[in-house]
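Asker: got a predicted model here, sequence first, then my questions.
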Amino acid sequence: MTAKAREVLRQCAGCRERRPQASMRRFVRGGVREWRADDAKRLPGRGVYLCSSPDCLRQVEKNRRFPGLAAAAAESGLQQGSSFVK
């Protein structure tokens, strides 16, 4: 009998919904307002996940919990009105 691999879920920082990790983009905090996209999901440090919904990007910008994350997400290609392509 083979064991079925479990799907890893992560919570989006914008919409707070749990989604498969493979469908989300990870950002790592480097400083106070410094965030870097971590497409390999291997960088050390505090990581935050965002899904490709344009509403999530607006929510992160409005929330203030993660200062600078919305700007870093927009710079890395995650834009309002478009979807993230891995």
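Answerer: That came through, no problem. Residues are numbered from 1 along each chain as shown.
Asker: only C-alpha atoms for contact and neighbour calcs from this point on.
Answerer: Will do.
Asker: okay, and for the chain, where does confidence drop off?
Answerer: Low-confidence regions of the chain, defined here as pLDDT under 70, cover residues 1-3, 79-86.
Asker: all strands for it, in order.
Answerer: Shown for the chain, the strands assigned by DSSP state E span residues 9-11, 18-20, 25-29, 35-37, 47-50.
Asker: mind putting the ones you listed in CSV, mean neighbour count and distance to S76 included?
Answerer: What follows is the strands of the chain, written out as CSV (neighbours: other C-alpha atoms under 10 Å; distance: least, C-alpha to C-alpha, whole Å):
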stretch, mean neighbour count, distance to S76
strand 9-11, 17, 20
strand 18-20, 14, 20
strand 25-29, 22, 10
strand 35-37, 21, 7
strand 47-50, 22, 12
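Asker: now those as CSV including distance to G68?
Answerer: Converted to CSV, the strands of the chain look like this (distance: least, C-alpha to C-alpha, whole Å):
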stretch, distance to G68
strand 9-11, 19
strand 18-20, 22
strand 25-29, 10
strand 35-37, 7
strand 47-50, 12
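Asker: all good on my end, thank you.
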